[in-house]
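Trainee: What follows is a predicted protein model with its sequence.
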Amino acid sequence: MSADKTLSWSYTEEFPLEPEAQAQARRRGIELGVGPVSPATGALLSTLAAGVGARSVAEIGTGTGVSGLWLLQGMGPDGVLTTIDVEAEVQREARRAFDAAGYPGSRTRVIQGRASDVMPRMAARSYDMVVLDVDPLEAAALAEQALRMLRVGGVLAVTRALWNDHVADPARRDQTTVAARELGKALREREDLVVSLLPVGDGLLAVVRRA
Ligand SMILES: C[S@@+](CC[C@H](N)C(=O)[O-])C[C@H]1O[C@@H](n2cnc3c(N)ncnc32)[C@H](O)[C@@H]1O
């Protein structure tokens, strides 16, 4: 691998022009100890949402709304973001961020609750995109529900897929790292899915459901 790879990765992370709304939500997230998606991850989520012409996106892990703002930016003007988080306090910040950015209430459904309780009640095959922005242990437990909710041709994005750069190191055998590694491998073996692992932010699994 070229010695300049680290430089390229830094450039990739600094490349997006992050709007002020996202930057402000990011600062709030950092203050509250919620790890927002990186600017390049946010920009990629936005691009994926635009690419599938997303009108209906579900996100697990609202946080203070950084990823949500990027998703709303990529969706069509009538697109609705449904975002779920177990923590009411951070979600209040996200609501404020969506309002401050000028998105009407009709474009966001902010649901407080544990994803494993909420997702089974969400409609099957009706979302253009589902984003799992939780730790890999949670993501692995929620992936089947996420796929169930996706329409054919829809995209599942799983962030934190390289988990603090531990996934690529075979010596790392802790539970969370193993869960991230196993989830990627399980998804890539499925014939009904098209899967890529991208080294953006903390790693992102991009999955298209083709059947
Ligand atoms: C990494 S933060 C999300 C950051 C956010 N996407 C952003 O970019 O601003 C993960 C969030 O997921 C929430 N969370 C973790 N496990 C969850 C679960 N099982 N159900 C619902 N929310 C969960 C946490 O409360 C936390 O706010």
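Mentor: That came through fine.

Trainee: average pLDDT across stretch 116-136?
Mentor: In this model, stretch 116-136 carries a mean pLDDT of 98.

Trainee: and it, does that touch the ligand?
Mentor: Yes - contact of stretch 116-136 with the ligand (Cβ under 6 Å from any ligand atom) involves 133, 134. Every residue, glycine included, has its C-beta placed from N, CA and C.

Trainee: Buried ones in stretch 153-167, by neighbour count?
Mentor: 154, 155, 156, 157, 158, 159, 160, 161, 162, 163, 166, 167 (16 or more other Cβ atoms under 10 Å).

Trainee: I'd assumed the last one was in a helix, is it?
Mentor: Yep, that's residue 167 we're talking about. No - assigned with DSSP: H, G, I helix; E, B strand; the rest coil, residue 167 falls outside any helix and is coil.

Trainee: Show the average pLDDT along the longest strand that the chain contains.
Mentor: Ranked by residue count, the top strand of the chain under DSSP state E comes out as strand 150-159. The average pLDDT within strand 150-159 is 98.

Trainee: Geometric centre of this structure: which residue is closest?
Mentor: Centroid-nearest residue in the chain: residue 131, 3.8 Å away (criterion: Cα atoms, centre = their mean).

Trainee: Counting by contacts, list what the lowest-mean-pLDDT helix or strand in the chain packs against.
Mentor: Least confident helix or strand of the chain, by mean pLDDT, DSSP states H and E, is helix 5-14 with a mean of 95. Packed against helix 5-14 by the contact rule (3 or more Cβ pairs under 8 Å, 6 or more residues apart in numbering; DSSP states H and E) you find helix 39-51.

Trainee: Tell me the neighbouring strands of the next helix or strand after the helix it packs on, and mark each as parallel or antiparallel.
Mentor: The C-terminal neighbour of helix 39-51 among helices and strands, as given by DSSP states H and E, is strand 56-60. Using DSSP bridges, strand 56-60 pairs in its sheet with strand 80-85 (parallel), strand 127-132 (parallel).

Trainee: Residues of this protein that sit close to the ligand?
Mentor: Within the chain, the positions lying close to the ligand (Cβ under 6 Å from any ligand atom) are 29, 34-37, 60-61, 63-67, 84-87, 90, 114-115, 133-134, 138.

Trainee: Secondary structure class of the residue of the chain found nearest the ligand, three-state.
Mentor: Among the residues of the chain, residue 63 lies closest to the ligand, at 2.6 Å counting by Cβ to the nearest ligand atom. Here residue 63 is recorded as coil under three-state DSSP.

Trainee: how many neighbours does it have?
Mentor: 27 (other Cβ atoms under 10 Å).

Trainee: So for it, what pLDDT did the model give?
Mentor: 98.

Trainee: And stretch 83-90, what's buried?
Mentor: Result for stretch 83-90 [16+ other Cβ under 10 Å]: buried residues 83, 84, 85, 86, 87, 90.

Trainee: For residue 192, state which of these is nearest.
Mentor: Of all those, residue 192 sits closest to residue 84, with 24.5 Å by Cβ to Cβ.
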